[in-house]
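Asker: pasted the sequence and its predicted model underneath.
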Amino acid sequence: MEVDVFVPLLLPLAGWPVARWLAPRLSPRAASWVLTGCALVLAVGSTSALALLTARGLARVPWVASLGGFGDSSFEDVNVPLAATSGVALIAAATALAWAGVQYVRRHRRINAELDAHGTDEVVLLPGAEPIAFAVAGRGGRIAVSSGLLAVLDARERRALFAHERAHLALRHHFFAAALTIATALNPLLRPLGTAARFALERWADETAAARVGDRRVVATAVAKAALAGKTGRSPVLAAAGGPVPQRVRALLTPRSPKGPLAALAIAAVLAVCGASAANALDAAIDLHLGVELAQSAYPHGH
């Protein structure tokens, strides 16, 4: 079990090099799916590994062993300091996840309450000169845009802006954002993957908007102007100015090139990493289960 359980704990360390190598080789849509899925699998795998190490340590506690129907000496090979450290890390991960969930819900409620004060339509016009534009899920999805931003965009750029925000809603990008919030809360080592995946989501919305308006340069201009809002970071809303704007603009101004066999190889490599994490976590769980059954059968007062 020892080797199996450490693999899911170590694989998240590859998050940064994987994200840096993989993202440029995939289309924004594929990158969004693969990076988000990989982050979630690795987070679940590492959390499961911590839970298994903690469970083995708890098996040394007499009342836990009695409850399980085996002796507390059945798992004498357990590394108690490691199990205790894993338990602390597991509690920290659970606390971080709970806190992230609370913050996520609070922000959504606050944003929706603020939007309700200005209207309940699909598109909410916010007063003020500050250039703001973002999409927020819930209640059928809403788009907020400030009069200040609309004032600096021409008609085609406005269309591109709304196409970008509607793409976030239509493609259900809020589910991707929620999954990334869960993954990075459970394991901070996955933040590079989360950052790359959020950038891919913005690029996916950019490309969808470009296909809708039929002009990539118009979308690039609208994105650049919307960037003045400074709406970046891990927000529960998806903003037109999210992610590294210069990179997004450069990508829109560069002709799209087809992704060939290298993209398939990149996806296969990431799936292999995720599969290794899941398989080793499962093997460790099976080993623990078999160890408990063996201990129960050897315990004179067992079931």
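Answerer: Arrived safely.
Asker: how close does the residue most central in space within the chain get to residue 248?
Answerer: By CA atoms, centre = their mean, the chain has its centre lying nearest to residue 180, at 1.2 Å. With the distance defined as CB to CB, to the nearest Å, residue 180 ends up 18 Å from residue 248. Yep, even glycine has a C-beta here, placed from its N, CA and C like the rest.
Asker: what about the helix or strand containing the residue nearest to the centre of the chain, distance to the chain center?
Answerer: In this assignment (DSSP states H and E), residue 180 forms part of helix 173-186. The chain centroid and the centroid of helix 173-186 are separated by 3 Å under CA atoms, centre = their mean, to the nearest Å.
Asker: could I get the full set of strands for the stretch 1-150 of the chain?
Answerer: 123-126, 133-136, 142-146 (DSSP state E, counting those that start in this stretch).
Asker: now the ones you listed as JSON lines including distance to residue 159?
Answerer: Formatted as JSON lines, the strands of the stretch 1-150 of the chain follow (distance: least, CB to CB, whole Å):
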{"stretch": "strand 123-126", "distance to residue 159": "13"}
{"stretch": "strand 133-136", "distance to residue 159": "13"}
{"stretch": "strand 142-146", "distance to residue 159": "12"}
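Asker: quick one: which of these is nearest residue 221?
Answerer: The closest of the strands of the stretch 1-150 of the chain to residue 221 is strand 133-136. By CB to CB, the value is 13.7 Å.
Asker: for that closest one, packing partners?
Answerer: helix 80-116, strand 142-146, helix 155-170, strand 238-239 (3 or more CB pairs under 8 Å, 6 or more residues apart in numbering; DSSP states H and E).
Asker: one more pass at 6 Å, please.
Answerer: With contacts taken as 3 or more CB pairs under 6 Å, 6 or more residues apart in numbering; DSSP states H and E, strand 133-136 sits against strand 142-146, helix 155-170.
Asker: which among the ones you listed is found nearest to residue 133?
Answerer: Here strand 142-146 is closest among the helices and strands packed on strand 133-136 (CB to CB), at 4.6 Å.
Asker: next, the angle helix 80-116 makes with the closest one.
Answerer: 70 degrees (axes from the mean of the first three to the mean of the last three CA atoms, to 10 degrees).
Asker: list the buried residues in strand 142-146.
Answerer: Using 16 or more other CB atoms under 10 Å as the test for burial, strand 142-146 gives 142, 143, 144, 145, 146.
Asker: the second one pairs with what?
Answerer: Beta bridges link residue 143 to residue 123, residue 135 when assigned by DSSP bridges.
Asker: surely it meets residue 165?
Answerer: Yes: counting by CB atoms under 6 Å, residue 143 touches residue 165, with 4.5 Å between them.
Asker: so how far is stretch 23-38 off the chain centroid?
Answerer: So, by CA atoms, centre = their mean, the centroid of stretch 23-38 is 12 Å from its chain's centroid.
Asker: residue 176 contacts residue 36, doesn't it?
Answerer: Yes: using CB under 6 Å, residue 176 makes contact with residue 36 at a distance of 4.9 Å.
Asker: any stretches of the stretch 1-150 of the chain with poor pLDDT?
Answerer: 1-4, 59-78 (pLDDT under 70).
Asker: on that earlier part again, quick check: neighbours shared by residue 143 and residue 165?
Answerer: By CB atoms under 6 Å, 6 or more residues apart in numbering, residue 143 and residue 165 have these common neighbours: residue 135.
Asker: contact partners for residue 159?
Answerer: So residue 159 contacts residue 213 (CB under 6 Å, 6+ apart).
Asker: just the pLDDT for it.
Answerer: Residue 159 carries a pLDDT value of 94.
Asker: same thing with residue 241?
Answerer: 55.
Asker: and the one 4 residues further on, by the same measure?
Answerer: What the model reports as pLDDT for residue 245 is 83.
Asker: go on, the one 3 residues further on?
Answerer: The score at residue 248 is 88. That number is its pLDDT.
Asker: buried residues of the helix or strand hosting it, list them for me.
Answerer: Using DSSP H and E, residue 248 falls within helix 245-253. Residues of helix 245-253 classed as buried: 245, 248, 249, 251, 252 (neighbour count, 16+ other CB under 10 Å).
Asker: also stretch 183-194?
Answerer: 183, 184, 185, 186, 187, 189, 190, 191, 192, 193, 194.
Asker: ok, of those, which one's closest to residue 256?
Answerer: Of all the buried residues of stretch 183-194, residue 256 sits closest to residue 193, with 23.9 Å by CB to CB.
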